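> quick one, what's the 3D model for this:
(chains A and B)
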Amino acid sequence: MKHIDEYRDRELVLKLSERIAREISRSWNIMEICGGQTHTLMKYSLQQLLPQQINLIHGPGCPVCVTPVEMIDRAIELAMNPGVILASFGDMMRVPGSHTDLLEAKAKGADVRMVYAPLDALQQAMDHPDREVVFFAVGFETTAPAVAMTVREARRRQVPNFSVLVSHVRVPPAMEALLGSELNRIDGFLAAGHVCTVMGEAEYRPIAERYGVPIVITGFEPVDILLGLHTLIGMLEGGRNEVENAYTRSVRPEGNLQAKAIMGEVFDLTDRNWRGIGTIPSSGLRLSQDYEDFDALRRFSLKETQQAEPGVCMAGEILTGRKRPPQCSAFGSACTPEHPKGAPMVSSEGACAAYYAYGSAGEDPRPQESSINEH
Amino acid sequence: MDCPIPISEYEHILLAHGGGGRLTDQLIRRLFYAGLSNELLESGHDGAVLPPLSGKVAMTTDSFVVDPIFFPGGDIGHLAVNGTVNDLVCCGAVPRYLSLAFILEEGLPMEELWRVVRSVGETAERVGVKVVTGDTKVVEKGKGDRIFINTTGIGEVLPGIEIAPARCREGDVVLINGSVGDHGIAIMNARKQVLFDTGVKSDTCSLWGMMSRVLEEVPGIHVLRDPTRGGLASALNEIASASGTGITLYEKEIPVSQGVRGASEVLGLDPLYIANEGKILVILPAEEAERALSVMQSFPEGKESRIIGRVTSENRGLVQLETVIGTSRIVKMITGEQLPRIC
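Numbering: from 1, shown residues only, chains lettered A, B, ... in the order given. Below you'll find the model as predicted:
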């Protein structure tokens, strides 16, 4: 298939991995930000082609995984309201809240509907004028523009029974939180190509400069990831702490100006709690004053509380790359995609789900003593 | 043929059509007999009394709840016959008889029931299997969804044929008769879950015609399996686990149509896990593969047949994939439900 097969080309993959092996002189801790990249690494077993000195750490770029427990609880509370239809992306259905998940709520009679696009939720609201339709808006800067457009459309069409439970998060503040931690050992980042397609490169330059780390904007196919790694190894070996774009077929330096404009119009920045990580300043989006009528929190007077992670899940350590999924005692035994104990086992972008799907259960495909190399 | 219960009489299914009285009788005589006529069905008994069968008897049952009931490439009637027939084929049996039980939702247009009954009749006739007994129940509107069907099939196991998942052996190869994922994507397309028209049609078909010839030519086949729900990956995992062998798949050899690939990329699905309704996995000793392939390829439903993997003694109980880039990984059984009400 055109525009896909080229990026899964065996010759190209081998050429790039040989170059990486030739140019690397020492071990490096590299974090791929996005769960989609983790997924590709596992699906194609790319680590089999990489030198041992590359220690890939899986980052927090899984929107489903970082959605805090209290947001899931609120979504469930809304869904259990008989006057409400809760529309959600399918990924959110199995994510455990403090007591239950949306799928169980649905089985108990809650009207939860899976949608593929936020506009489908708006359509539901127009189709059911007698019900309140709430869209559970989860995602990074990639999905936020589509939600912003939907909210603007809801206002333009004056749809009174539509609102949004906004749980959007932003990547750069999370990178800063990781880099600012005492436990940080990350030498360089593969940044998330789709997020940068919307946001561009500019936000990442101050991070590279302030924390002295190279950042390479990277795509999602095997060739993309190896190209990103090759670029990053070159920068690490040469001591260049800058931002480079290895995903130019999608990312322009300025990003998508239209998408950024509508996000700026509809959303404001807010502090947001990340599941297993804690509150990160300015890391979330909320509806701006102009659009607050569409805020489900306001419309249904929901409480803004914080809930602790239930049970054994060590999502925080997984999402910050301090531990790998097989290092969790519940991985593959008490915690499976059928009975997830935490969000990283649910989402298709979650590191635990990727390890479970593509590795043999309970076994790290590339066994290591500890997760992160100490230099 | 027009619907034998014309619109002027009953435009829709009523609760009384399942009540066992006059309307049920009318439905059976005028609609089911017309669509499915054969002497065993029309005997008017409480059940079918079948002539003696020779050899071992294979029996299987399956329920069909697909939504929507009409989709590109087929309908619930095709599935209800082909699904059960193909399960008999996978037992190495000649499909002989089917039962046919309907659960209908009150208000179902009579015309739609007629279309389904006709497609059951036509499909059964093509295969050479007889619908010999049946049942109809009607549930209140909102308590069902248009039509649910259950079929049970009885077949005669071919003499000298011994097919079972546990017979999978090291040194065997794995064949498939064509591209994977078509049925699942066709259903998603029909439900408008794919935002563009993929042009993909369901692959629903009876595998008996092709496989009767293959079994004749290559009686030493070890395993047959139709990879329906859960797709290719789940079917092979079941076989690997039942036989304690390892199965290695070659990703670049697995046929996937452009439409299925495109939709899978957009929706984040893996074609290895998407349902099929007209595919069969044939596992047999490597030296017999060419003979089986040449028979399969002479049928339209087997034109694209090829070898997609081998059975090994490594990774016992597991399925391993050699990826397009030359690495390898484990392919697990499907987790959860990829897509509800696919068949």
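
> those residues of chain B touching chain A, which are they?
With the criterion set to Cβ under 8 Å from any Cβ of the partner chain, chain B comes near chain A through B:193, B:195, B:258, B:261-262, B:265, B:267-268, B:315, B:318, B:323-330, B:332, B:335-336. Yep, even glycine has a C-beta here, placed from its N, CA and C like the rest.

> just the ones of these in helices?
B:258, B:261-262, B:265, B:267 (DSSP state H).

> so which of the residues you listed is the closest to residue A:83?
Closest to residue A:83 out of these is residue B:267 (31.2 Å), distances taken as Cβ to Cβ.

> so the closest one makes contact with residue B:194?
Yes. Proximity of residue B:267 to residue B:194 meets the contact threshold set by Cβ atoms under 8 Å, at 6.7 Å.

> dump the residue contacts of the residue of the stretch 1-150 of chain A found nearest chain B.
Among the residues of the stretch 1-150 of chain A, residue A:45 lies closest to chain B, at 3.9 Å counting by Cβ to the nearest Cβ. With contact taken as Cβ atoms under 8 Å, 6 or more residues apart in numbering or on different chains, residue A:45 is in contact with A:358, A:365, B:323, B:327-329.

> so which of the residues you listed sits lowest on pLDDT?
When those are sorted by pLDDT, the bottom entry is residue A:365 at 44.

> torsion angles phi and psi at the residue of the stretch 1-150 of chain A closest to chain B?
Reported as degrees, to the nearest 10, the phi and psi values for residue A:45 are phi 40, psi 50.

> gap between the residue nearest to the spatial centre of chain B and chain A?
Closest residue to the average C-alpha location of chain B: residue B:83 at 2.8 Å, with Cα atoms, centre = their mean. Spatial separation of residue B:83 from chain A under the definition Cβ to the nearest Cβ, to the nearest Å is 25 Å.

> quick one on the thing from earlier: quick check: PyMOL command selecting the buried ones in the residues of chain B next to chain A.
Selection of the buried residues among the residues of chain B next to chain A in PyMOL, burial being defined by 16 or more other Cβ atoms under 10 Å in any protein chain shown:
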select buried, chain B and resi 261+262+267+315+318+323+324+325+326+327+328+329+330+332+335
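
> quick one on the thing from earlier: of the ones in helices among the residues of chain B next to chain A, just say which sits nearest to residue A:235.
Proximity of those to residue A:235 (Cβ to Cβ) peaks at residue B:265, which lies at 30.4 Å.

> separation between that closest one and residue A:220?
Distance check for residue B:265 against residue A:220: by Cβ to Cβ, to the nearest Å, it reads 11 Å.

> same question, residue A:3
Distance from residue A:3 to residue A:220, by Cβ to Cβ: 12 Å.

> who's more crowded, those two?
residue A:220 (19 against 9; other Cβ atoms under 10 Å in any protein chain shown).

> what about the one helix or strand residue A:190 maps to, distance to the chain center?
Secondary structure assignment for residue A:190, by DSSP states H and E: strand A:188-192. When distances are taken as Cα atoms, centre = their mean, to the nearest Å, strand A:188-192 is centred 13 Å away from the chain's centroid.

> you'd agree the residue nearest to the centre of chain B is up against residue B:277?
Yes. A contact is recorded between residue B:83 and residue B:277 when judged using Cβ under 8 Å, the distance being 6.7 Å.

> mutual contacts of the two, please.
Once Cβ under 8 Å, 6+ apart is applied, the residues that residue B:83 and residue B:277 both contact turn out to be B:228, B:343.

> which residues of chain A lie near chain B?
Proximity of chain A to chain B is confined to A:1, A:4, A:8-10, A:13-14, A:42-46, A:48-49, A:94, A:116-117, A:222, A:336-338, A:348, A:356-361, A:365 under the rule Cβ under 8 Å from any Cβ.

> outline the domain layout of chain B.
Here the domain parsing of chain B from automatic domain parsing is B:15-157, B:165-331.

> please identify which of these is closest to residue A:203.
Per Cβ to Cβ, nearest to residue A:203 of the domains of chain B: domain B:165-331, 26.3 Å.

> ok, which pair from the contacts of residue A:45 is furthest apart?
Across the contacts of residue A:45, the two members that end up farthest from each other (Cβ to Cβ) are A:365 and B:323, 13.0 Å apart.

> joint contacts of these two?
Listed as contacting both residue A:365 and residue B:323 by Cβ under 8 Å, 6+ apart are A:45, B:329.

> by contact count, what packs against the longest helix anywhere in chain B?
Of all the segments assigned as helix in chain B under DSSP H, the longest by residue count is helix B:110-127. Secondary structure elements in contact with helix B:110-127, counted by 3 or more Cβ pairs under 8 Å, 6 or more residues apart in numbering or on different chains; DSSP states H and E, are helix B:33-36, strand B:74-75, helix B:76-89, strand B:93-105, strand B:130-139, strand B:147-157.

> nearest residue to the residue of the stretch 151-300 of chain B found nearest chain A in space, please, no chain neighbours.
Distance from chain A to each residue of the stretch 151-300 of chain B (Cβ to the nearest Cβ) is smallest for residue B:261, at 5.2 Å. Once flanking residues are discounted, residue B:261 sits nearest to residue A:1: 5.2 Å by Cβ to Cβ, 6 or more residues apart in numbering or on different chains.
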